[in-house]
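In: sharing a sequence plus its predicted fold:
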Amino acid sequence: MKNFLRGRVIVLLGVGVLLGLWWLASWLVGEAILLPSPLEVFKDVVRLLGKQETYAHVFSSLRRIGQGLIVSAGLGFVLGVLSGKREWVFALLQPWLVVFQSLPAIVWILVALIWLPREVIPFWLVFLTTFPLWVLQIRQATLHGDERLLEMTEVFSVKGWRKWYAVYFPSFVLHSLVGLRSTLTLSLKVVVMAEVLAFPSFGMGTQLFWAKTYVNVEDLFAWALVLFGLGWMLDSVLGLGETLVEKILGMGKV
């Protein structure tokens, strides 16, 4: 308990130092148009949260993230299982996975700007950047079932779906949660970057684009804080879910 409280105090101290340095830098610059103070930005955050339009932009970005993750997770699950069961499938997929993981996201955005409608680009980028992660996570779940459970299924001649449920289901659940947590935070970053460059009608990245265009630094910082808060909240919820599932299944970290 003492360690927990001490950790929280240190985190709060770190936040205080960060805000203090921010305020000091703002005071030294002396121009809100270049670097607004924390108080000015927090007031702008409150103003944004009081506008219905803000939630429309947030929902649009989250919708694109959700659509991209559903497609990448679905395809990644199927190919991840196949590549775990058949080594030749993984060998066939490896060049594609290397290309998707090696090329910077900005390259895919620039190509998509030529080929695709601007409303589709954020979804496409989420799919390309998260698909390899899903394949690799599900492949690991397929390869690494609990050895003790595997031995028990052999001893008691457990076959078919019962064997899959007993040995691989817990691993699939945990690897899927780990995959969702990592791909969701990554998707939030890449979808905003895609929206800044493609500026669809609605989206958090679109608002960052207009804030930069009109040199509205307070709005720029306010939307950055909204993004930070949203990312932290999603990661915290998934982290709690991962811990809870681990306790229910009686397994350690993946």
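Out: Nice, I can see it.
In: run a quick neighbour tally on residue 112.
Out: Residues lying near residue 112 (other C-beta atoms under 10 Å) number 21. Any C-beta I mention is one placed from the backbone N, CA and C, and that applies to glycine too.
In: same check on the one 3 residues further on?
Out: Per other C-beta under 10 Å, the neighbour tally for residue 115 reads 9.
In: 183 is where my numbering starts, stick with that
Out: Yep, numbering from 183; the last one is residue 297 now.
In: how near is it to residue 201?
Out: 44 Å (C-beta to C-beta, to the nearest Å).
In: repeat that for residue 192.
Out: Taken as C-beta to C-beta, the span from residue 192 to residue 201 is 15 Å.
In: and the two? which has more neighbours close in?
Out: More crowded of residue 192 and residue 201, by other C-beta under 10 Å: residue 201, with 14 against 10.
In: check which helix or strand the more buried one maps to.
Out: Using DSSP states H and E, residue 201 sits in helix 184-211.
In: run the chain-centre distance for that helix.
Out: 25 Å (C-alpha atoms, centre = their mean, to the nearest Å).
In: quick check: which ranges of the stretch 183-332 of the chain have low pLDDT?
Out: Scanning the stretch 183-332 of the chain for pLDDT under 70 picks out the ranges 183-190, 326-332.
In: in it, which spans are helices?
Out: 184-211, 220-231, 234-267, 269-284, 287-297, 303-325, 329-337 (DSSP state H, counting those that start in this stretch).
In: out of those helices, which is closest to residue 357?
Out: Of all these, helix 303-325 sits nearest to residue 357, with 3.8 Å by C-beta to C-beta.
In: next, the angle helix 234-267 makes with that closest one.
Out: Angle between the axes of helix 303-325 and helix 234-267 is 40 degrees (criterion: axes from the mean of the first three to the mean of the last three C-alpha atoms, to 10 degrees).
In: related to what we said a few turns ago, a markdown table for the helices of the stretch 183-332 of the chain, including distance to residue 401?
Out: Output for the helices of the stretch 183-332 of the chain, formatted as a markdown table (distance: least, C-beta to C-beta, whole Å):
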| stretch | distance to residue 401 |
| --- | --- |
| helix 184-211 | 16 |
| helix 220-231 | 6 |
| helix 234-267 | 11 |
| helix 269-284 | 34 |
| helix 287-297 | 23 |
| helix 303-325 | 20 |
| helix 329-337 | 54 |
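In: between these, which one is closest to residue 379.
Out: helix 287-297 (5.4 Å).
In: and the angle from the closest one to helix 303-325?
Out: Using the same axes, to 10 degrees: helix 287-297 against helix 303-325 is 130 degrees.
In: tell me the buried residues in helix 287-297?
Out: For helix 287-297, burial by neighbour count (16 or more other C-beta atoms under 10 Å) applies to 287, 290, 291, 294.
In: distance to residue 394 added to those residues, as a markdown table?
Out: Output for the buried residues of helix 287-297, formatted as a markdown table (distance: C-beta to C-beta, whole Å):
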| residue | distance to residue 394 |
| --- | --- |
| 287 | 19 |
| 290 | 22 |
| 291 | 16 |
| 294 | 21 |
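In: ok, which pair from those residues is furthest apart?
Out: For the buried residues of helix 287-297, with distances taken as C-beta to C-beta, the pair at the greatest spread is 287 and 294 (10.2 Å).
In: can you check which residues contact both of those two?
Out: With contacts taken as C-beta atoms under 8 Å, 6 or more residues apart in numbering, residue 287 and residue 294 have 307, 376 as neighbours in common.
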